[in-house]
Each structure stands twice: as C-alpha cells, then as structure tokens.
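Trainee: With the input below, show me the fold.
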Amino acid sequence: MSILLAGPTEAPEPSEVLGRTTPRIFTQPLVTGPPGPCGCGCALDEATSEGFAVDGFAREVLKRPLDPWERWLVIHGMERLPNGWPRFRQLLILVARQNGKTHVLVVLSLYWLWRSSNRIDPFLVLGTSTKLDMAQEPWKKAVRIARATPDLAKDIAYRGAVRQANGEQTIETPWAARYKIAAANEEGGRSLTINRLIEDEIRQHHNYSAHEAADNAMNAVDDGQAWAISNEGDVRSIVLHDLYESGLRFITDGEGDGRLGLFAWSAEPGCDLLDVEQTAQANPNLGRRISWENLKGKAERAKQAGGEQEAHYRTEILCQYVHHLEGGGVTMDNWAQTAKHAEKDDLGPPVFFVTIGKDLQSASIALAADHYGIPYVELCDHRQGVSWVTARIRELLDRYPDSIVGAFAAGPMRSWVPSLSEFEVDLELFNTPETISACAHLQKLSETLGFTHEPDQFTTDSLRNAERRSLDGGAWVWDWKSSRGDLSPIAAVTGALWLLESNEPADLWAFEE
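Mentor: Numbers count the residues shown, from 1 in each chain. Got it, this is the predicted structure:
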C-alpha cells in the first residue's frame, strides 16, 4: 500500500504546524534499497532520478531554490527506468491553491530547454491551460527568469529567440529547443511533436478533446512525459478523476498503468474544516508561504455556512473531491460524524432494503432499526453480482419473518424484481414519490446528525462517488446513470432509513444475531 501519511505523531500547536512535504497519496518508487539523498527515506539517488539535477539547476543556475515539497515532487516524479526513460509517462499532481505549483512548472520548463542542448533533434515543451492567457502566466515568468539568469540569457539574446505575439508565444534556443503555449482545446498540440507536456489546471478538462490532442502528440517520443497539475475539481473534471482512479488502482492493487504517477497532497475525506493537521496535508507550504491564521477565518465561515461555501473550501483549500458544489445533500463531513457502532442486541426490529448496482454488477442489502430512539442503519451485505440476492433475502426473512423488505421500483432494480417475485419475496416498492421522500429524509437526518450508521468502507466510497439528479422544487434523487463507482450501498442505506420511518413498528424486540 502506497498511501502514506506524513508528519509528527503528536499534534503540535497550530502555529508550529508546517505543510507536509510528502503527499498523502502517492505512487512509490520502483527503486528500493537504503535511504538515499532525497531525505524522505526512499532509495532514489542521482543515478535513478533526474529530479536531483532539476533541484541543482534551480538552486545553482536560477538561484531560485525549490520549496521542500517541490524538490520531493521532482525527485519522485522524475524517476528513471534502467534504459534512461522517465519511469512515469503521465503524472497527475494534486495540491491546494497558492502552494507554488507555477514555480515548479517554470523551473521544469527552463530545465528541459537547457538540458536538451546536447540533443540533435528538436525538443518541444508545450504548456497548456484552460485559456491562453492562463498558460501565458508561467511562460512569462519563465522568460523573466531566463533573461535575469546570465547563463541562460546569453543563449536567448539573439533576435527572435523570444516571440510574444498573441498565439505565438515561444522561447527558442539556438539548439532548436522550444517552450511554447496553447489553450487546452482540441487544437492544442495538433501537428506538433511534443517531448514534454504541461497540462495546468487539468480540473477544467471537462472532456477528452484537449488531453487527447496534446497527449497523442507524444506518441512517437519514447522518453516523452506529461505533467498534469491542479487542485481538486468537481463532477465535470472527467480527465482528472479518470487519471486519479487509474493511479489509485495501481497504488492499492498493483493493477493498471504503472507509468502513471499519482501525487496527491489532500486532506482526509470528511475531516473537520478547522483541522490544521489535515490542512497541512493539503497545503505543503503551510507555515512557509501560507499562514494558518489567514486560512482559519475562511474555514470557520465555511464550516458555519455549509453548502456551497463549504464545498468550495474543501475543493480549493483541502483539495478534496466534493461532488456537488451547489451544496446541500449529504456531506462527507456529516457522514463521518454520524458513524457509530451499535450492538445488535440493542436494536429494535429491523427492516431491510435491497438495491442492485449498474449493469447487475453488484447488489447491497441495508438494515435499519431503532437504537434507543435514534434511527440506525448499516450495510449488512454487499457483494459482486446478483445471483446471491434472493437466497440472502430468504435467509433474512426466515430469521425475521415479520420484517419488511423494500426496493426502488426504478433504476437497476427494475430488471430484478420479477426474479424475486418468482421466489415469493414480497417487496415494498418505492416509486418516484417515495424515492424523493427517502432522499429528503436522508438529507434531513444528515444535516441534523439525527441518525447513526455502522462505519464501512463500501458505503463511504459509494457516497463519495454518488451523484444526484435535481428535480423540480429543489427535490433530488440519486442518479444511477451519472454516479461514478457503485451507487448501490448508499442507495440501500437511503431506502432503509425511509422504510424504517414510514413503517415504524409498534413493539420493539431484540435483534438476534
């Protein structure tokens, strides 16, 4: 497992907290062995990572040293394979705003240009961003630094080395190395051969047209490398989240693209907005260039306001994925606060709710019951496939014959209801009005912290990846089509809580295991 937490084991005073040099989630190096000069405990050294040369270039040539997290990033992000190629062909870097990502991109761009002075073939660095003027900012900074650095300025002193006409911004060296910029669209990168690609603010890539146009321009470059960097995005950030999920899959399971590097400085999902330790995990320059006192007031206001204000704070300052920036619904923060284990003997009579995942790939059964006057819910079964569902429901009904089993009439469950009927399983089906009521009930319970649930990773991940479909009058339902991942666990929990509310039993009896 390559998800590592950095920082001291004892919580210091907020004034003493420094941003974490090491990201919370990252792809570990292939190189193993005794600790090397990186300083984090990894075995990378000058022979296995080009990042040490970048660090030296920034410090000794540019006279602008990298910040600690930037140094760590280039060392790990520029690991070499035994053949000399970059270990990572694609990198995704997530870090909260104002932590210095522009500086590291500028240093990299200049390093790549001057490092290529011994190459015979032309060398192109392409910098892209959502709009051309946004891509122009790091390019302008690179020009200023190059002209202010004697060892670089002499190489671009000739006429035409720097072109600033709109749409043609380019730095070109005598050895045909160029750094040019383009807007992130379907034309960016076409007809070019790109050696190094910078995709700034990849959170704004709402489809694949820009990424594919530029990325495919590296296909013929064996040692090409693309750097995608941003703070977190929202549901529209398709490219960012596809890369993230692919990188995380390799980190956790060892499956997928081993040449995709994921480096995410982010706070733990559901953390308190005023948790300075988590703020330090998302802001590596906290205590250096960013003051906690400047962030604290924003955090307090966002926590009090909730909704959209909280969502934006989590996205931009804590670098967390919040699905619905319009606010409302069920927040990961409230979900974390309502997690509580309950002994089965302390529960009232249960109701059960079954849901089927998209394309019949999975199913979930949730249990809801009274727990000393407070609704309690848990995911009592979740498995791949659906062949097990009928037997499991029959087992539950044999054990608790007076229990009620519910399901949504719409969504993937629709195709499975006839199968349950054949086995004489009676379901209380939720049509659209009941489904709307169930979602509203979950939101109310979440906002008031008026329920508890058994902690489990399936439901937490399901909620984190769930999408809502807005209806008239401010109502909403879970969106089976748009949700990323498996919606069935959180949908089962939603249905079970409303089934309990709308079928409250008169007598309480112990839940027997």
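Trainee: Near residue 444, how many other residues are there?
Mentor: The local packing of residue 444 (other CB atoms under 10 Å) involves 12 other residues. Where you see a C-beta, it was placed from the backbone N, CA and C, and this is true even at glycine.
Trainee: same question but for residue 331, I mixed them up
Mentor: When neighbours are counted by other CB under 10 Å, residue 331 registers 23.
Trainee: what do you get for residue 157?
Mentor: The tally of other residues near residue 157 (other CB under 10 Å) stands at 11.
Trainee: how much space between it and residue 146?
Mentor: In this structure, residue 157 and residue 146 are 10 Å apart, going by CB to CB, to the nearest Å.
Trainee: Can you identify each of the strands in the stretch 51-200 of the chain by residue range?
Mentor: With DSSP state E, counting those that start in this stretch as the criterion, the stretch 51-200 of the chain has strands at 90-94, 123-129, 162-163, 170-172, 177-183, 196-200.
Trainee: ok, and what's touching the fifth one?
Mentor: The reference is to strand 177-183. Outside strand 177-183, the residues that touch it by CB atoms under 8 Å, 6 or more residues apart in numbering are 109-110, 112-114, 116-117, 119, 122-132, 135-136, 139, 142, 168-172, 188-189, 214.
Trainee: Report the buried members of these.
Mentor: By neighbour count, with 16 or more other CB atoms under 10 Å, these hold 109-110, 112-114, 116, 123-130, 132, 135-136, 139, 142, 169-172, 188-189, 214 as buried.
Trainee: Spit out the contact partners of residue 447.
Mentor: So residue 447 contacts 306, 334 (CB under 8 Å, 6+ apart).
Trainee: so where does the residue sitting nearest the centre point of the chain fall, helix or strand?
Mentor: By CA atoms, centre = their mean, the mean C-alpha position of the chain lies nearest to residue 321, the distance being 5.4 Å. Using DSSP states H and E, residue 321 is not contained in any helix or strand.
Trainee: next one: residue 212
Mentor: Short version: residue 212 belongs to helix 209-215, going by DSSP H and E.
Trainee: now for the helix or strand that comes right after that helix, which elements pack on it?
Mentor: Of the helices and strands lying after helix 209-215 in sequence (DSSP H and E), the nearest is strand 225-230. Applying 3 or more CB pairs under 8 Å, 6 or more residues apart in numbering; DSSP states H and E, we find strand 225-230 packed against strand 90-94, helix 101-115, strand 196-200, helix 238-253.
Trainee: hmm, 10 Å instead?
Mentor: Secondary-structure packing of strand 225-230 (3 or more CB pairs under 10 Å, 6 or more residues apart in numbering; DSSP states H and E): helix 68-77, strand 90-94, helix 101-115, strand 123-129, strand 196-200, helix 209-215, helix 238-253, strand 260-264.
Trainee: between the ones you listed, which gets the lowest average pLDDT?
Mentor: Note on the helices and strands packed on strand 225-230: helix 209-215 shows the lowest mean pLDDT, a mean of 83.
Trainee: what's the spacing between the nearest residue to residue 225 once chain neighbours are set aside and residue 51?
Mentor: The shortest distance from residue 225 to any non-neighbouring residue, by CB to CB, 6 or more residues apart in numbering, is to residue 86 (4.6 Å). Look at residue 86 and residue 51: by CB to CB, they are 10 Å apart.
Trainee: Check residue 352 too.
Mentor: 54 Å.
Trainee: One more: residue 122?
Mentor: The separation that residue 122 has from residue 51, given CB to CB, amounts to 24 Å.
Trainee: ok, now residue 498?
Mentor: Applying CB to CB to residue 498 and residue 51 gives a distance of 53 Å.
Trainee: Also residue 78?
Mentor: To residue 51, residue 78 is 4 Å away according to CB to CB.
Trainee: Which residues are in contact with each of the two?
Mentor: 44, 108, 111 (CB atoms under 10 Å, 6 or more residues apart in numbering).
Trainee: Could you export those to a markdown table, including columns for distance to residue 38?
Mentor: Putting the shared contacts of residue 78 and residue 51 into a markdown table (distance: CB to CB, whole Å) gives the following:
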| residue | distance to residue 38 |
| --- | --- |
| 44 | 5 |
| 108 | 17 |
| 111 | 18 |
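Trainee: Nearest to residue 196 among the residues you listed?
Mentor: For those, the closest approach to residue 196 (CB to CB) belongs to residue 108, at 7.7 Å.
Trainee: Name all residues that make contact with the nearest residue to the closest one once chain neighbours are set aside.
Mentor: Nearest non-adjacent residue to residue 108, counting by CB to CB, 6+ apart: residue 54, 6.5 Å away. Applying CB under 10 Å, 6+ apart to residue 54 gives the contacts 66, 70-71, 73-75, 77-78, 104, 107-108, 110-112, 115.
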